[in-house]
Structure formats: structure tokens, C-alpha cells
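Asks: Need the 3D shape of this:
(2 chains)
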Amino acid sequence: MNESHAVAAVALVVVATALVGAFGLRVSRTTSDFYVASRTVGPRLNAAAISGEYLSAASFLGIAGLVLVQGPDMLWYPVGYTAGYLVLLLFVAAPLRRSGAYTLPDFAEARLASPRVRKLASGFVVGIGWLYLIPQLQGAGLTLKVLTGAPGMLGSVIVAVVVVANVAAGGMRSITFVQAFQYWLKLTALLVPALFLVLAWQGDGAPTRVFDEPAALREHRTVRVQDTVEIRLTEPLTVTVHGRVDGHPYDGDRVTLPEGVHTVQGGARLGLPAGAPVPVAQGSGDTVLPDTVLSDGALSDGAATAQGERPLYATYGLILATFLGTMGLPHVVVRFYTSPNGVAARRTTVVVLGLIGAFYLLPPVYGALARMYAPELVLTGNTDAAVLLLPDRMIGGVGGDLLGALVAGGAFAAFLSTASGLTVALAGVIAQDALPSRGIRHFRVGAVTAMAVPLAASVLAGRLPIADAVGLAFAVSASSFCPLLVLGIWWRRLTPPGAAAGMLVGGGSALAAVSVTLVGPRPATGVPHALLAWPALWSVPLAFLTMILVSLATPGRIPPGTDAVLARFHLPEEIGGGPVRKENTA
Amino acid sequence: MSTLGALLAGFCVAVPPLLAAGFWLGRRTARPSPRPFHRAGLGTPVEHATFQTLHTASLAAPPLRAGLTEETARRASRRLRSLLGTEALCLTDLDQVLAWDGAGSHHRAEITERLAGPLETGRGEAFRLRCETPDCSLRWAVVAPLTVDDRVLGALVACAPGESAVLVRAAGEVARWVSVQLELADLDRSRTRLIEAEIRALRAQISPHFIFNSLAVIASFVRTDPERARELLLEFADFTRYSFRRHGDFTTLADELHAIDHYLALVRARFGDRLAVTLQIAPEVLPVTLPFLCLQPLVENAVKHGLEGRGEKCGIGITARDEGAEAVVVIEDDGVGMDPELLRRILAGEAGPTGGIGLSNVDDRLRQVYGDDYGLVIETAPGAGMKVTVRLPKYRPGVHPAGPATGGLRRG
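Replies: Purely as a prediction, here's the structure:
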């Protein structure tokens, strides 16, 4: 692939983001423009902004990689990511907007009138935001490494610096336009190459053995393994080897590897014959096998191994986490504030469903094509690069380079938009709730803090199975904020101790469970591991139950004024506003 | 190496939330017991006892400062009981027991019955408790009424196994102390009411000159350009309707900007091309709630300063941008500016009614609603124009555009 095109595309995206952010204010110099300049954001623009902020590295690169490795089962990811907005639409969007809350801690305070619950919610918001930022930074590192061979850290640092500089210097004076722009950029960057790829696929005779298990090579191909990986063979395989396999040096010899696990040394080249099933690299979430952790870690593998072990349970865990977790993501919630009223918030959510749904049709196409045209990525463990490599692989030449550059630009747009959205949301929360006193500079300090911790984590950690981090963020959010929002909006008897206990028990146990999966001595296989890797299925009911029981046990603590607050949540503004006020003042 | 990396990553992921939780817990547990006497050798045992008592009393004070309700009584009664060292203690209002701390809550009904006398007379009383429960240790109760401004609000009842003159005295003293706290609570409430009244008095002071001038301008168009005069009259109606509206202390930035638009249309009719207005608005801050009519006086001020003294054109800029949990609104003009010292006096309210009531009014209201951190920031010098920066938190409890039905002033 031609590097210069890709680098130019990435640079262009960065510059365009900065420019739209800096000049995106509505300017008017005449009276007639005044109304235009002071018109609130319409549902369509706001929906594009929400979608732009929401579609992250996991969506842009991760889903195609998962489909490449695991096949159609992984389509639950895009379904879950989208359906989260359906739950948001039905239960939360309009009342949340009417509450007047800007962040989740604001909502907790508005509903429960308790500064302590507010602090707790702030803690969870910051935690979830950091967890969500880590994969964005690591994805950026991976992309830049695939494109240019730069060290993995560089991409993370670039994204972190660009985002913090932009946010802290006031470059995001109008984040709505930036995010809306990023959505259309991302859609274009996936859609245009996808059209060409599908044409190329049809020109190729439209082979349909897409979801054969396992993915098989269509022609002889030599694969260079960058980092040492372990591969598991289910049947003997004859390959040509340059380099070390299982400790033996080979130099272009034909070797028949028996069934079982083999170690392929980094730098080795394997020549695979046409029609051979592609051996799958061992899951990189496996800390028992030290070196595999640092193989070009997928955004996915740790979860994928658990998935393989308990498919049905894992699928339901995934569905629950993504359906209910979306409403607790800090950068999603703050965007609803931009809607002028509850009805607009609801309309916005409907449009978001459409926009995101349209986008998520594309990554599975890439995943399916990658299974035919780049299956050897499974062997290197570098599956998240599938989207980036396909244009070059299938079309080639200048056209392939340009399309590849477009995809790369889109991927960077994904990192930048999600990272800036999260940074702005987190910086607000940190500046408001964590830093001692308020001032004009505190937002900047907050922005730096919001980014410094995940950057340090992603740099220090090398490559972790980071879809687990996204999954963890969703699971923690689903088991802490989903009960708070749903019960807070729909249940009159919620009390501050109940809310605090529910968030601590649900969110805390989800956090603990997945932390154990990430770093702890994990149970080798089976039920306990699946329970820990996909905690949402038990932690969400646990959180709801705790919140309800503790609230019922503390009936004296129902905040005064709850009825008025709930009335404001549920009545349309014109009813909740005007007439009621007049009666009261009269 | 990789295990190390994984551990480090896990560390980074797990430690911040744990630290935050620990910090929070630490703060929570540290606040109620700062241990003012943990160092050994600080005073005699008597002094220790005094410190202990004062400390317990100081812990009971904050809930009582919010008035006498079930919630505050529950939180205060625990402290008060440890202050008195009795088996049981309860706080009542005029007709029921609000909170019972300690053993023997089956005496509630009996106590409620016996309260009528002391609450009527406002004098304390001690009596024997009837009890059929064999293992109940409470045989005797002291009632000490709680009075504020000679009104009886409720009573403090301490129960003990036997008669004790010390307890009668102590209960009386504690009841007096509680009464003082309740009096302070009353004072807090009247202060809040005062602030609300002040805000209501401060708001919506559009200048009478503006009304006269506008009407004069409209009159001047009536013959020459009736269509323009009609439009201006409508603008005038819209602006005054907004300014004189009765309900609600708060509005949204979008509504406020529309009012400013009407206002500027009228000003432009008077000054024509001399006035150039530039508006830069980040659309995401338009739903921000802010005190009613708090930007229009600033624009009015900018117009006045911009056109004052100079014959040529005047430029006014209004910028609203997003900054995380806050919105920042900047209003600037390139007019005559002002001596910072004079400005300081105006804002401190020392300059008399002539100098820019608008600025100090807006400053006062912002501080009342959002706290002292959110006053106006003004940059100016003679001849150098003026730049006024307003920071508005996007969310503040009690601040809703819905008005006093659900919102009102931040209390506490």
C-alpha cells in the first residue's frame, strides 16, 4: 500500500476536524441572519452529530475483524450497538432532556437531590469514559502501524495530542458541526470503497462461500508473521516455512505440522497452499501464554474465546450490555442537551437509529469480503486491519491506494470524533466535580486529565484485548446508569441510598468481573470464565434488584419534591411550563 | 513482559475508580469525625469531655439547620441521644413523634398522648411511663419543648430507666440549644425568601428612556414609511411582551437572543448604519438556562458605550461558545470604554444610580443564582472598548426555564 496517500488522508482529516471545530460557529452580520444564527439545532443535524460521536474504532474496524474471525455470529455487535438507541428512545430520551440535566451526575442530582449520589455518578462517568477511551487510542496506534509501520504508540499519542490541544485551546467551540461532519466522513469512507469492493467481487465471479468454517485461502499465499503467535491446528497442515516454528529454524522447507498448538516466531514467513484452512491465532486475552498478548491484538480476541466457549450465554450477555449500556455512555447523554425540548430529543433519537443502522450495514460487508480475500489476517491475529487492507488487496494500483487512503482517513475520523466527544464530556465532569474550585482554566485541566490517564494506560499496557474494554464500558454502564436512569425516570419510590447501593453493587461487580477477566488468573474455560467475561446478564438484574430493595427499605428517604420532578420529566414543556406557572404565581 | 503489561493495564484500569471510591469513602467517613482531640496529652479529662460534647453538638447542628422535619429529626436525634447519654430520645412536632432513636419505640403513642400539656404551656415536664413489656427499661421520660420566637414548634423527649434531676437539667439545656438551631433555620429561610424577592425586584428593569426613544422613532416613521413603522411596532410589542412577562425567573439563551434581536432592531431604526452587530453562536449552547433578561442589559450597555461620544460607526460582537459543562457568552464593543476604578465602584454599588445600573444588576443576579464564582468578568480601559464575559453553568439544581412551579432559587 502506498503510505503517502494514507498519511495525507489522515493529515487531511485532522486538519479538517480542527477547521470545522474552530469556524463552525454560526456567524451573522446582518439582522436577517439573526434568526438563522440563533436557531436551535434541528433533529437531523443533532442526530448526525450523535452518530458521528458514537461510531468509534470498535465500529469502524472492530466489527469487520470480528466477522472475519468468528463469522456471522458477530452480527449481534452492530445490532446491539444500534438497538441501544431504541431503548434510549423508548424509555429515556425525552424525560432526560426535560430534566434539564447536562451530564449523568446532573441527572442524579436533579432526580435525587443528593450531592453524594452525584459524586458517585461522577466517579462512574469518569471510569466508563476512560475505559472507552483506551480502545480508541489503541485503535489509532494499530491503524498507523498497519498503514506506515510506525511504532504502535505513535498513533495513540497523535490522537491524544490532537484531541486535547483542540479541546483545551477552545477549538471545539462548536462540537455539533464537527461531529456531524465526522459522521458523513465516516459513512463516505466506508461506503465508497465498499461499492468498489462489491463491484470487484462481482467481477471476480461473485464467489459465495463466504461463511465457510474455517476461512480458507483461495490461492497460494505467503504470510509474514510480525509478532510471535501460537496457532492451533485441528488437522495437519503442510506449509513452506522461512523462519522458526516450534523452535526449529527452517529456510524455505516444506513442513507438515501435526494437529495441536504450534508457536510461530515473529518474523517467520509461512507459505500456505490454496484451499488450505487458515489456522487461527490463539486468543490474545490469554495471559497464561505470555507472548501472545503482544501479538497484533485484535479489538476482539479475548471476548471471542469466551464467545466460543459459551456462545448462547455470551450472546445474551452481549445483547443485554449493548442494549442497556448505550444510555449510560457519557458522550451520548450530553448531546441530548442540545435538543431544544423533549419532543426534539425523541425525534433526534429516531434519526440516530436510521443513521447508525445505515452505517452498520457496511462493516459486515468488509468482514465477509475479508474472509475470502484476506483470511491470512486470522493467522497473524491482525484482524482489525481487514478494513484497511481490503481495498489494496482486492483492487490494487492507484485506485486501491486512494480507496485505502479514504478508509484510513475515515478510521482516524472515528478515533478523533469519539475521543473528542468523550474528552469534552469527561473534562466537564472532572472540572465540575473533581477539581476543587471552578475557574476558566479548570476545563483545560479537566481535558488534560481526561486524556492523560487512558493514554498512560494504553501506552503502558501495550496491546490488550481492547474490545473487552469497550465491552466492559458497556457492561459497567448497563449495570450502573441504566437502572439509575430507568428507575429514576419511571419509579417514584427511588431513594438516594437505593440508587447509590444499586450503582455500587451493579457497576462495581461488573467492573470487578471484567477486571478479573482482563488481568487476573482466569479460570481456564467454561462457565465461570463466561460469567466473568460477560457480566451484564447477572450484574444488570443485580443492580436493579439492589436499587429496588434498598429503596423499599428506606421509604423515609424519598426526596421531597419527587412528584414535581417527575411531573417535569414526563409532561411536555408547554404543559409543564406555562399554565402550571401561572396558577402558582396567581 | 506481556504479563507485566497486562498487569499494568489492569492496574491503570482498576486503580483510578478504586482510588476515586476510596477518596469518596475517606471523605465521607472523615467528615463526621475529624477527631479534634486525637493527640494525646491535649488537656485534662474534663477538657476532653468538653471537646467531646462540643463536637457531638456540632455534628447535630447541620441537619437541624434545615428545619424540623422527619428526615432532619432522624439525623439529629442520633447525635442528640449520644449527647444526653440516655436510653431513648425522640423529637416531636406539634402532633406526632418525628424520630425515635434508641430502644422502646413502643412508647411512641403514650408519649404523643402526654405531649399535649407541655406543648400547650411551653414548660418542661417529667413523668413516669406505663409499660407492660417486662424487659423494657424505660420507666421515666422528660419532655422539653422546642420554642422559636415564643412559639412552640415541638418537643425533645428523653427517656431513662429512673428519675434523674441531671437528666431534666440536661434535656432542658439541649432543648434550648436545639431551639437556637431551629431559630437559625428560620433565619436561613427568611434570608432565602429575601434573596428571591430581591431577584424579582432586580429583574426586568428595562429603561424608560428606551421606551420613549423607541416610540419616538416609530412615530417618526409613521408618515414617511408606515410599513416600517408597523414592523417596528411589532418588534416593540415582542420585546416588551418578553420583558414584562410575569412568570418564571429563568429563560433559555435562544429566547434571550431573540429578545436582543428585537431590541437591536429598534436601536438600529434610531441609529441606522452607525451600528454593526456581529453574532457568533455555537448552536449547542442555545438551550442553556439563564436568569431572565441578564444579557439584554449588557447589550444595551454595549450600544450605549459604543455610540457615546463618537460620531462614526460602532461595532458590537456577541459570541456564545460551548465549554464543557459551561457556556461562555462574550459581549464586546469598540466604544469609549470605562475607567476600571469607576467600574469597580459601580459593581460594588457605590457609584449611585447614574452609572450603569444594568451591569451591577446583572452581576448581582448571576452571583445570587450561580454563586460568587460566576460574576461578570469585564475587561475595559478608557477608549479601549469593553468586553464582558458571562459564564453560565449548563445545569444547576433548581434552575429551570419552567419557572417557580418547579424551580426557583438554589437553596442552601
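
Asks: Which residue does the stretch 301-450 of chain A have closest to chain B?
Replies: residue A:428 (3.3 Å; Cβ to the nearest Cβ). Every C-beta, even on glycine, is put in place using the N, C-alpha and C of the backbone.

Asks: Surely that residue is in contact with residue A:444?
Replies: No: if you go by Cβ atoms under 8 Å, residue A:428 and residue A:444 don't touch, sitting 11.8 Å apart.

Asks: Which of those two has more residues huddled nearby?
Replies: Applying other Cβ atoms under 10 Å in any protein chain shown to residue A:428 and residue A:444 shows that residue A:428 carries more neighbours, namely 29 against 19.

Asks: Can you list the buried residues in the helix or strand harbouring the more buried one?
Replies: Under the criterion of DSSP states H and E, residue A:428 resides in helix A:397-429. Across helix A:397-429, burial judged by 16 or more other Cβ atoms under 10 Å in any protein chain shown covers A:400-429.

Asks: burial measure for the nearest residue to residue A:154 once chain neighbours are set aside, as a count.
Replies: Nearest residue to residue A:154, sequence neighbours excluded (Cβ to Cβ, 6 or more residues apart in numbering or on different chains): residue A:144, at 5.7 Å. Residues within reach of residue A:144, counting by other Cβ under 10 Å, total 27.

Asks: Repeat that for residue B:135.
Replies: Neighbours around residue B:135, by other Cβ under 10 Å: 6.

Asks: can you list the domain ranges for the chain.
Replies: You didn't say which chain, so I picked chain A. A:3-204+A:293-570, A:221-277 (automatic domain parsing).

Asks: My question was about chain B, not that one.
Replies: Split by automatic domain parsing, chain B gives B:1-31, B:43-191, B:203-393.

Asks: Say whether chain A is contacted by the longest one.
Replies: In other words, domain B:203-393. Yes: for a cut-off given as Cβ under 8 Å from any Cβ of the partner chain, domain B:203-393 has contacts with chain A, namely B:246-248, B:252, B:254, B:257-258, B:261, B:264-265, B:268, B:276-284, B:286-287, B:289, B:319, B:321-326, B:373, B:391, B:393.

Asks: got the domains of chain B as TSV, with mean pLDDT columns?
Replies: Putting these into TSV (pLDDT from 0 to 100) gives the following:
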stretch	mean pLDDT
domain B:1-31	56
domain B:43-191	84
domain B:203-393	84
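
Asks: Could you dump these into a markdown table and include distance to residue A:235?
Replies: Converted to a markdown table, those look like this (distance: least, Cβ to Cβ, whole Å):
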| stretch | distance to residue A:235 |
| --- | --- |
| domain B:1-31 | 29 |
| domain B:43-191 | 71 |
| domain B:203-393 | 57 |
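
Asks: can you tell which of those domains is closest to residue A:448?
Replies: Closest to residue A:448 of those is domain B:203-393 (Cβ to Cβ; 12.6 Å).

Asks: List the residues that contact the residue of the stretch 301-450 of chain A closest to chain B.
Replies: A:102, A:103, A:334, A:443, A:446, B:324, B:325, B:326 (Cβ atoms under 8 Å, 6 or more residues apart in numbering or on different chains).

Asks: Wait, the residue nearest to residue A:154 touches residue A:153, no?
Replies: No: assessed by Cβ under 8 Å, residue A:144 is found out of contact with residue A:153, at 9.4 Å.

Asks: Inside strands: which ones of the residues of domain B:203-393 next to chain A?
Replies: Within those, residues falling in strands by DSSP state E are B:252, B:276-281, B:289, B:319, B:321-323, B:326, B:391, B:393.

Asks: for the residues you listed, which one is nearest residue A:186?
Replies: Using Cβ to Cβ, residue B:322 is the member of those that lies nearest residue A:186, at 22.0 Å.

Asks: my read: that closest one touches residue A:175, true?
Replies: Yes: with contact defined as Cβ under 8 Å, residue B:322 reaches residue A:175; the gap is 6.2 Å.

Asks: ok, those two, which is more surrounded?
Replies: residue A:175 (30 against 24).

Asks: quick one: that one from chain B, how far?
Replies: 6 Å (Cβ to the nearest Cβ, to the nearest Å).

Asks: Give me the distance between that residue and residue A:102.
Replies: 13 Å (Cβ to Cβ, to the nearest Å).

Asks: Over to residue B:71?
Replies: 28 Å.
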